[in-house]
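In: Based on what follows, work out the 3D shape:
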Amino acid sequence: MVEDRASDRGRDDASTKIVAPSSDIKDPGIKELAYSEVPVACFKELYALVGVTRDLSARIRCPTLILQSPDDHVVKPSNGRLIASLVAGNRVELVWLNNSYHVATIDFDKDVIVSEVHRFLKSIAKT
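Out: Model prediction:
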């Protein structure tokens, strides 16, 4: 939960906010809608969530599709392989989005995402 304390409003010091990256979209014609700053409290929660996610990944037993860009500037590409190795399901697919950065759903690979998700869902619906 992000705290919104009246005493912090308008403060720009490093103890309350971190400047966010301007964009992580490869397509120069697309403008990412994002915050210019992120409260430090969000990173604390994200760090806790990452730990819990790692611990709980082995409980995932359903078919799993992972979409990852090898050129992601926010999430290391090795995370896709790590998630695939932690999931306990007998069917885990990792698809590389080779023409996008982090915000792939609005980047060059958006149609690849639609196609891959559609293919994956059709394939598991048959089983």
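In: Tell me where the model's unsure across the chain.
Out: 1-23, 33-38, 127 (pLDDT under 70).
In: run the last query once more with 80
Out: Where the chain drops to pLDDT under 80, the residues are 1-25, 27, 32-40, 43, 126-127.
In: That one: strands as residue ranges?
Out: 17-19, 37-39, 64-68, 92-96 (DSSP state E).
In: May I have the strands that pair with the last one, each with its orientation?
Out: When sheet partners are counted by DSSP bridges, strand 92-96 sits next to strand 64-68 (parallel).
In: Can you show me the CA trace of the strand it pairs with as PDB?
Out: This file holds the C-alpha atoms of strand 64-68, laid out as PDB (Å, rounded to 0.1, in the frame of the first residue of the first chain):
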ATOM      1  CA  THR A  64       2.100 -21.600 -18.300                       C
ATOM      2  CA  LEU A  65       3.000 -19.200 -21.000                       C
ATOM      3  CA  ILE A  66       5.800 -16.700 -20.400                       C
ATOM      4  CA  LEU A  67       6.400 -13.800 -22.800                       C
ATOM      5  CA  GLN A  68       9.700 -12.000 -22.400                       C
END
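In: Residues in contact with it: which ones?
Out: 75, 77, 79-80, 83-84, 87, 89, 91-97, 104, 113, 116-117, 120 (Cβ atoms under 8 Å, 6 or more residues apart in numbering). Heads up, the C-betas are built off the backbone N, CA and C, glycines and all.
In: try stretch 82-92
Out: 54, 57, 58, 59, 60, 61, 62, 63, 64, 66, 94, 124.
In: Filter those residues down to the buried ones, ChimeraX style.
Out: Listed next is the ChimeraX selection for buried residues among those, using 16 or more other Cβ atoms under 10 Å:
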select :57,63,64,66
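In: Need the contacts of stretch 82-92 in JSON lines (columns: distance to residue 31).
Out: JSON lines is the format used below for the contacts of stretch 82-92 (distance: Cβ to Cβ, whole Å):
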{"residue": "54", "distance to residue 31": "33"}
{"residue": "57", "distance to residue 31": "34"}
{"residue": "58", "distance to residue 31": "39"}
{"residue": "59", "distance to residue 31": "38"}
{"residue": "60", "distance to residue 31": "34"}
{"residue": "61", "distance to residue 31": "40"}
{"residue": "62", "distance to residue 31": "36"}
{"residue": "63", "distance to residue 31": "35"}
{"residue": "64", "distance to residue 31": "32"}
{"residue": "66", "distance to residue 31": "27"}
{"residue": "94", "distance to residue 31": "29"}
{"residue": "124", "distance to residue 31": "35"}
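In: Thanks a lot, see you next time.
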